[in-house]
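Colleague: What follows is a protein structure lacking sequence information:
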């Protein structure tokens, strides 16, 4: 007898419970051909949106079809710890409770972070079950599980020992809201309507002025030179002279370099080596002073004089009025500008000089380029994304893998002295001590003399190991699961993480397993 009213919720729950009770979704290595999908691990902070719904429905269709065709189908679920997003959530929660993160120790903060994760982190997995996803839930992984974290640390140590990871003082992308660096790929450029400010700099020893156009008048406090193009006849009379920076009164040299675009603005360029990547190159070339004018939250520091403690955008408005009042603002024009913003917090990025950890990509990327663009070993669908993939990988720069966060895998570098090179890299503190004693030839060093680097690793530095780590393949390449299930089969994900995740998994696959992480076609479901 057909019920008068069909209750989908009751029916779906009944059958999902039945499937789970009978263990229909689990998989173990056996004589059958495996068919493996690893779920793109959603952020532990998240909830399902329509993109997730479509993505996981496609994966479910593929995995159920594989089961019906007799393959040993294995769909591995899991979540990503999402360093920046999760830490921001926990910091906000603590703030509501009247607790400042800076008043906590790392251990105290991590306790709060784990409590938050335990309470909210499983939401998205439960939603996947409500969708009817036939994942092998016994294999659920989290990128901060002990074995997953151990895989990440193993990878860092290995790459460091190969000479591919290094620490350098470089210009980085700084997120003043999250108070951490970001990789180039985490910076989203947006076109925004702004202003071009034409500022007059007095020439030392005369009543003459030169005019410089800038979109960021607040950075004049960091100016250490004015640059002209040596081929620009308009300014030949300025060669060898000096200019005076308005308001702060700093006397700076007028330098010459063909880098300056004669056609842009006034043809004169203010050089602020601490706050612009190209200016840093000029500063190094001409041995200029470097003056950092910002605090980590993008308020001005003491170099900002009477603007100290004020937000950069507040200062931009106020300083333009002061420049106008002293006759140093020639004019302003509307200007369409590309502004870098944080992919996570949406804050406007500040270029900042900082000591950070980097992964050298020049050699690592070559197998990943060949696999997709030359040998056709890995196919992207639709194929138009090959162009996007090619652009990213052919223009790749070294990966800034350190983050000024506590939530995540702590960088396994241990410092034993005050010098920049007074550190060792090891998986454990005990191993680090042995290395430090050997490096210094000092057996008197103790564990208490070692201080671990405070930074955490970029979240993507853990998820790039995902297809291997979920089967224990990073720590134990001879494990039964890894040898059976890896390489995996189809990967279903969005183009927005084609570089963040897909390309990096391909890079890691060739580096650690010597082969691609996705088979695509070798195990056709015909």
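Modeller: Good, I have the coordinates. It should be emphasised that the depicted structure is a prediction, and the values quoted were computed from it without experimental measurement.

Colleague: Low-confidence ranges, this protein, go.
Modeller: Applying pLDDT under 70 to the chain flags the ranges 1-4, 520-526.

Colleague: What are the boundaries of the helices in the stretch 1-150 of the chain?
Modeller: Taking DSSP state H, counting those that start in this stretch, the helices of the stretch 1-150 of the chain run over residues 8-21, 50-68, 83-96, 106-120, 123-131, 146-161.

Colleague: Of those helices, which is nearest residue 180?
Modeller: Residue 180 sits nearest to helix 83-96 of all the helices of the stretch 1-150 of the chain, at 6.5 Å, using Cβ to Cβ. Any C-beta I mention is one placed from the backbone N, CA and C, and that applies to glycine too.

Colleague: which residues touch that closest one?
Modeller: For helix 83-96, contacts defined as Cβ atoms under 8 Å, 6 or more residues apart in numbering pick out 43-45, 100-101, 104, 109, 112-113, 116-117, 175, 177-178, 180, 344-345, 403, 405-408, 456, 458-459.

Colleague: Can I get the buried ones among those as something I can paste into PyMOL?
Modeller: Per 16 or more other Cβ atoms under 10 Å, the buried members of the contacts of helix 83-96 correspond to this PyMOL selection:
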select buried, resi 43+44+45+109+112+113+116+117+175+177+178+180+344+345+403+405+406+407+408+456+458+459
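
Colleague: and the gap between residue 518 and residue 161?
Modeller: Distance, residue 518 to residue 161, by Cβ to Cβ, to the nearest Å: 28 Å.

Colleague: Compare those two (neighbour count), which wins?
Modeller: The neighbour comparison of residue 518 against residue 161 (other Cβ atoms under 10 Å) goes to residue 518, with 25 against 11.

Colleague: for the residue lying closest to the more buried one once chain neighbours are set aside, helix, strand, or coil?
Modeller: Once flanking residues are discounted, residue 518 sits nearest to residue 491: 5.1 Å by Cβ to Cβ, 6 or more residues apart in numbering. With DSSP: H, G, I helix; E, B strand; the rest coil as the basis, residue 491 sits in coil.

Colleague: close enough to count as contact, residue 491 and residue 502?
Modeller: Yes. If you go by Cβ atoms under 8 Å, residue 491 and residue 502 touch, sitting 6.9 Å apart.

Colleague: Neighbour count: those two, which is higher?
Modeller: residue 502 (24 against 21).

Colleague: and the more buried one, what does it touch?
Modeller: Contact partners of residue 502, counting by Cβ under 8 Å, 6+ apart, are 491, 493.

Colleague: Are we agreed that it is in a helix?
Modeller: Yes. Applying three-state DSSP, one finds residue 502 inside a helix.

Colleague: Figure out the length between the terminal residues of stretch 175-190.
Modeller: Start-to-end span of stretch 175-190 (Cα to Cα, to the nearest Å) is 15 Å.

Colleague: Pull out the buried positions in that stretch.
Modeller: Of all the residues in stretch 175-190, those buried under the rule 16+ other Cβ under 10 Å are 175-186.

Colleague: from the residues you listed, which is closest to residue 356?
Modeller: For the buried residues of stretch 175-190, the nearest to residue 356 is residue 181 (5.8 Å; Cβ to Cβ).

Colleague: I figured the closest one hits residue 403, correct?
Modeller: Yes. If you go by Cβ under 8 Å, residue 181 and residue 403 touch, sitting 6.3 Å apart.

Colleague: Of all the helices of the stretch 1-150 of the chain, which one comes closest to residue 272?
Modeller: Using Cβ to Cβ, the nearest of the helices of the stretch 1-150 of the chain to residue 272 is helix 83-96, at 26.8 Å.

Colleague: Break down the stretch 201-350 of the chain into its helices, ranges please.
Modeller: Listed in chain order, the helices of the stretch 201-350 of the chain (DSSP H, counting those that start in this stretch) span 277-286, 312-325.

Colleague: ok, residues contacting the last one?
Modeller: Going back to what we said before, that points to helix 312-325. Contacts to helix 312-325, defined as Cβ under 8 Å, 6+ apart, come from residues 195, 197, 199, 216-218, 220, 246-247, 294, 298-300, 304, 307, 310, 329, 332, 350.

Colleague: Could you tell me the angle between the longest strand seen in the chain and helix 312-325?
Modeller: Looking across the chain with DSSP state E, the single longest strand is strand 187-203. Orientation check (axes from the mean of the first three to the mean of the last three Cα atoms, to 10 degrees): strand 187-203 against helix 312-325 gives 20 degrees.
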